[in-house]
Structures are given as C-alpha cells and as structure tokens.
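# Pasted the sequence and its predicted model underneath.
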Amino acid sequence: MLSRKSFLKMVAIGGSYLPLQKFGFKTSRTEPAKPRVISTWKWGVPANKAAWEILSQGGHALDAVEAGVRQIEADPNVETVGYGGRPDRDGFVTLDACIMDHKNHAGSVAFLQHIKHPISVARKVKEETKYIMLVGDGALEFALDQGFKKEDLLTPKARKEWEEWKQENHYHPKEPPTGNNNHDTIGMIAIDTHGNLAGACTTSGLKYKLHGRVADSAIIGAGMFVDGEVGGAAATGVGEEVIRTAGSHAVVENMRHGDPPHVACKKVVERIANLDYNKRSFKNIQEGFIAINKDGEFGGFGLRDGFEFALHDDNQSQLMKADHLI
C-alpha cells in the first residue's frame, strides 16, 4: 500500500501534479469560493434574490438560506409554504422546516402551528438548544419563548378553498395527492465566499393531509442535507417518497462517491421510481432534487416533466427547467 510519505516523494521526483483529493488527501483552497445559491420552483427566484444580497456581500451561507426561504414563508400567494399554506383536513395550517450548516449543525421543527417563519424557529433550535428537532405544542412553546409572534396563518382564500374541498370530498384526503402545486416545498442550498455550504427547507405540506402528518422537510437527510466536505442537496415532492429513501442524504453520498450533482440527483429519482411498492402511475406525483457540491457545481433532476429550479450567482439569476425521468 502506498504510504503518504512515499506518495509525496513520488510526486516531487516526477515533477508532475496529481489530484490529491483522489487519494484522500485534503487540499486547501487558495482562492475565495464563488458564491452561488439554488432553490426549488419558480418562487426560488425571489428567494434567491434575498439570499444573494447576503452572499454577494461576503455573508455566510447559513444567513443567506434563512433569509431566502423566509421570503416565501411570508408570501400568502404560495399555497404550499408558510403563511397562506393550505391546511390539513381539519383546517389547521401545520408547518415543517429544517436548516443545516457546513459543520453538520442542524435544527428542525415539525407540526408547528401559528408561527409564520418556521425556518427561523428551526435555526433557534439549532443555536439555542442541545437538540435538533422540536415538534407540535413543544415547538410552539419554544418559539413563543424565543420571541416569535403567534399568528393565524389560514388566509381567507385558503379557508374558502378548504371549506369547498370538505363539501366535495366528504372530509377524506385524496390518495394520491394530485398536481404539481400540491407539494411544492422550497428547498435552498448555498455556498458562500468562504467555501462554506448551508441548506434550508420549509413547507406547509400536502394540503388536506391527515392532522398530524409530518413532511420530509422537517427531517435532516430527507428533505435537506449538507456535508461541508462534499456538498448539499434538497428535495421537493411527496415527502413520503423522499423519507423512504433518505433522499437528500443519498444525493450527497452519490456526490461523495464522485457523481456530479445532476447525476447524483438523477440516481435518487430513479431509485424512488424503481421501488417495488411504487409499481403505479406517477402522472399525478412529482419528485425533484437539487444539489451543489463543494466546488460550486450544481444540478437538479425531476421524476416528471415540469420540475424547475432557480439559480443565482455572479453571472445571472435564472429559472431552469430540470431534466426528468418520465
């Protein structure tokens, strides 16, 4: 077996450069990283803009992803995230979110009600407690103790749609949920000028879900995952499919083994599609992943046509149509 000492001597004698990372040796970054942020769906464009205001000034990726997704949590016109999110079948808006930095420090909240910005509560869990996840009434009590304001998140429009749904569906959630706009989580991954990564994910989950259902967006490794030595990934779609495969963690592990982000995302989508229990039509279900690796390379991939993700960097802000399996 080639020792480190022998290897370095061989390189010195040969006078040639070999990629040390290939042999498991860490190399130091000699130039500042180029900041970049990606996020899911069309509302990723305004979310990225908010994140970019921080990244472009040399700010930290963690601050950027929190600020970015907060923009969407506060938008009543986005019916799958935060304020304006569609309720469960009992009429309650319940929110899930998680946040993670490049050192594997993370926080999350699940089944949180009455707080407009669950992503910021998740960050408080990360920074003010020794825990990672708080749920339900405990998460709400913690948020109030931290100074968050209790609010009614069910907008008049959302309430009207819910009441109409109850009349048409006799209180039974549809299985499976239909349409792209029923499970459009916002996930965001950023890399800053320090070369550090961070990620955030937040959602109100499937509309008219069973009371108590929790989405992948609250689960580290499912809805979002970051490894500072490799990269980060985030998911969108029906959360149960992502949870079963630890989807975002799987994407990062694929990148760890050498896959570029696009391929890493594609492999996990293929895995979801090929699970034995999933031998059914996917015409009404979407799954998608986005990823950035440590070098700033990015990519995304969806189960079906229609998945989009937004990119913002020094060059441009754009909405990109992802490749897809079906």
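Ah, there it is.
# C-alpha from now on. contacts and neighbour counts both.
Will do.
# So, low pLDDT: which residues of the stretch 51-200 of the chain?
173-183 (pLDDT under 70).
# all helices of it, in order?
Secondary structure of the stretch 51-200 of the chain by DSSP state H, counting those that start in this stretch: the helices cover 61-73, 118-128, 136-145, 156-169.
# Look at the nearest residue to Asp88 once chain neighbours are set aside and give its secondary structure.
Leaving aside its sequence neighbours, Asp88 sits nearest to Tyr208 (C-alpha to C-alpha, 6 or more residues apart in numbering; 3.9 Å). Classification of Tyr208 by DSSP: H, G, I helix; E, B strand; the rest coil places it in coil.
# give me the number of residues near Tyr208?
Neighbourhood size, Tyr208 [other C-alpha atoms under 10 Å]: 23.
# now swap in Asn169 and tell me
10.
# Check what contacts stretch 256-276 and list those residues.
With contact meaning C-alpha atoms under 8 Å, 6 or more residues apart in numbering, stretch 256-276 is reached by 230, 241-242, 245, 247, 250-252, 254-255, 278, 287-293, 297-303, 324-325.
# sorry, back to before: didn't the residue nearest to Asp88 look like it was pressed against Val93?
No: counting by C-alpha atoms under 8 Å, Tyr208 sits too far from Val93 to count as a contact (9.5 Å).
# Mutual contacts of the two, please.
Arg86, Pro87.
# hang on, the earlier thing: now, of the contacts of stretch 256-276, which are buried?
Buried residues within those, counting neighbours by 16 or more other C-alpha atoms under 10 Å: 230, 241-242, 245, 247, 250-252, 254-255, 287-293, 298-303, 324.
# before we move on, back to that, now intersect the contacts of stretch 256-276 with the helices, please.
Counting by DSSP state H, the contacts of stretch 256-276 place Glu241, Val242, Thr245, Gly247, Ala250, Val251, Val252, Asn254, Met255 in helices.
# Of the residues you listed, which one scores lowest on pLDDT?
Checked by pLDDT, the ones in helices among the contacts of stretch 256-276 have Glu241 as the lowest-scoring entry (91).
# Now it: closest residue in space, sequence neighbours ignored.
Nearest one to Glu241, counting by C-alpha to C-alpha, 6+ apart, is Ile272 at 6.6 Å.
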